[in-house]
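S.K.: Could you look at this predicted model? Sequence included:
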Amino acid sequence: MRRPRLVLAALACACAALPLTSCDVRSTPPLEAPAERPLDSRPGPPLPEGAKVEKAGSTAAQRASEEEIKGSYRPDDKKAKERVPDIVKRGRLIVGVDRSNNLMSYRDAATGDVRGFEVDIAREIARDIFGDPNKVDFRFIESSDRVNALNTGAVDMIVRTMTISPERERDVAFSIPYMNTQTRMLVLTNSGIKSVKDAAGKTLCGVGASTALETIREHAPKSDILVTRSWGDCLMALQLNQADGIVVDDALLSGMAAQDSYTSIVGEPLETENYGVAVRRPSKQHDTRPLLRQINSTLERIRRDGTWSTIFEEWLGAYLEEPTLPAGKYIEEDAKP
């Protein structure tokens, strides 16, 4: 209470030097204490940039489409320079990948090189086009920007954990599968969580625009969802106790588990998904069917000659059993794209 007295004393001294009519201490309004700011209700560090919390049950799960996938375009007997002359002329393949999906596609902090399972798949496609697996220009693409990157021509293709589904076939065209995965959950080993049923009342993490969000809504309707921009953000949130589990396919979870020995992959598989290489949908202006035939010829080759198994063993063999890839489904083509 000392401050008001000091202020009044100062005003009184100032008024002593002025005519009485020019200053009246009694008319000075009382000083107000500064407004108190409400404290942040969330203890600890802030959520990852751009993250938001979806409250349990606030968004209904969308039922998976019962329609079958259309399939892809069968390889023909043409050479790369006939199928994709513009790419051959350019001298490099432009591929969209992720910057931080450990084991799948990521930038090596020590060397600056782009590495991973999906990176090596892309290099095999380049090998069959140019005879050189290094003629690839990798571009880092966010999950939410994959379709736009294709439609604007920023990349020739996306090799970035993109699940083949009837819904996505409305936006892009897919190759045959290059990876088969099972959706499970990553938790801190000492958390006591053994399955998605144990996550009721807790927070699970998933990336925006990923199929994992629908999986959480369907299988964990009593769990809040922390929606982030990347799986690296989910791992950080788990480590900071901002999330209790991460739900996504076991290939991505393996990369996270490799980064943190205090985590474990738990629970029975919730979904089975296939990854495909995505390209722009064929149209009269942009006929991408020859590109898909080129990609599929590579994917068929690496299945036959054992290259796919070698790549899988190098990156994921320590964490997963080698899956059996489903046979490629090819559609009957008509004359128009």
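M.R.: Received the coordinates, thanks.

S.K.: hey, let's count contacts and neighbours off CA atoms from now on
M.R.: Noted.

S.K.: which residues of this protein fall in strands?
M.R.: With DSSP state E as the criterion, the chain has strands at 52-54, 93-97, 100-101, 105-107, 114-115, 136-140, 157-158, 172-188, 203-207, 224-228, 245-249, 263-280.

S.K.: What average pLDDT does the fourth one get?
M.R.: Model confidence over strand 105-107, given as mean pLDDT, is 96.

S.K.: do the same with the second one
M.R.: Per-residue pLDDT values over strand 93-97 give a mean of 98.

S.K.: helices and strands around that strand, which ones?
M.R.: When contacts are defined as 3 or more CA pairs under 8 Å, 6 or more residues apart in numbering; DSSP states H and E, strand 93-97 packs onto helix 117-130, strand 136-140, strand 157-158.

S.K.: Nearest to Val207 among those would be which one?
M.R.: Relative to Val207, the nearest member of these by CA to CA is strand 136-140, separated by 16.2 Å.

S.K.: Looking at the strands of the chain, spot the one closest to Ile69.
M.R.: strand 172-188 (9.8 Å).

S.K.: Name the nearest residue to Val88, ignoring sequence neighbours.
M.R.: Excluding its sequence neighbours, the residue lying closest to Val88 (CA to CA, 6 or more residues apart in numbering) is Lys81, at 6.0 Å.

S.K.: show me where this structure has helices.
M.R.: 2-16, 80-83, 85-90, 117-130, 146-151, 212-219, 231-239, 250-259, 289-304, 307-315 (DSSP state H).

S.K.: how about the ones you listed in JSON lines, adding mean neighbour count?
M.R.: As requested, the helices of the chain are arranged in JSON lines below (neighbours: other CA atoms under 10 Å):
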{"stretch": "helix 2-16", "mean neighbour count": "12"}
{"stretch": "helix 80-83", "mean neighbour count": "16"}
{"stretch": "helix 85-90", "mean neighbour count": "13"}
{"stretch": "helix 117-130", "mean neighbour count": "22"}
{"stretch": "helix 146-151", "mean neighbour count": "19"}
{"stretch": "helix 212-219", "mean neighbour count": "20"}
{"stretch": "helix 231-239", "mean neighbour count": "21"}
{"stretch": "helix 250-259", "mean neighbour count": "22"}
{"stretch": "helix 289-304", "mean neighbour count": "21"}
{"stretch": "helix 307-315", "mean neighbour count": "17"}
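
S.K.: Kindly reformat those helices as TSV and extend each row with distance to Ala60.
M.R.: Below are the helices of the chain laid out as TSV (distance: least, CA to CA, whole Å):
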stretch	distance to Ala60
helix 2-16	57
helix 80-83	44
helix 85-90	43
helix 117-130	32
helix 146-151	24
helix 212-219	7
helix 231-239	22
helix 250-259	25
helix 289-304	35
helix 307-315	36
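
S.K.: Which of those has the lowest mean pLDDT?
M.R.: helix 2-16 (a mean of 43).

S.K.: Wait, Ser223 touches Ser58, no?
M.R.: No: applying CA atoms under 8 Å as the test, Ser223 and Ser58 come out as separate, 10.3 Å apart.

S.K.: avg pLDDT for stretch 324-337?
M.R.: 82.

S.K.: What residues of that stretch count as buried?
M.R.: Gly328 (16 or more other CA atoms under 10 Å).

S.K.: Please work out which residues outside it touch it.
M.R.: Outside stretch 324-337, the residues within contact range by CA atoms under 8 Å, 6 or more residues apart in numbering are 70-74, 176-180, 282-284, 287, 289.

S.K.: mind redoing it with 6 Å?
M.R.: Residues external to stretch 324-337 that are found in contact with it (CA atoms under 6 Å, 6 or more residues apart in numbering): Gly71, Ser72, Tyr73, Arg74, Ile176, Asn180, Pro282, Ser283.

S.K.: among the residues you listed, which ones are buried?
M.R.: Buried residues within the contacts of stretch 324-337, counting neighbours by 16+ other CA under 10 Å: Gly71, Ser72, Tyr73, Arg74, Ile176, Asn180, Pro282.

S.K.: Pick out the most distant pair among those residues.
M.R.: Top of the distance list for the buried ones among the contacts of stretch 324-337 (CA to CA): Asn180 and Pro282, 24.9 Å.
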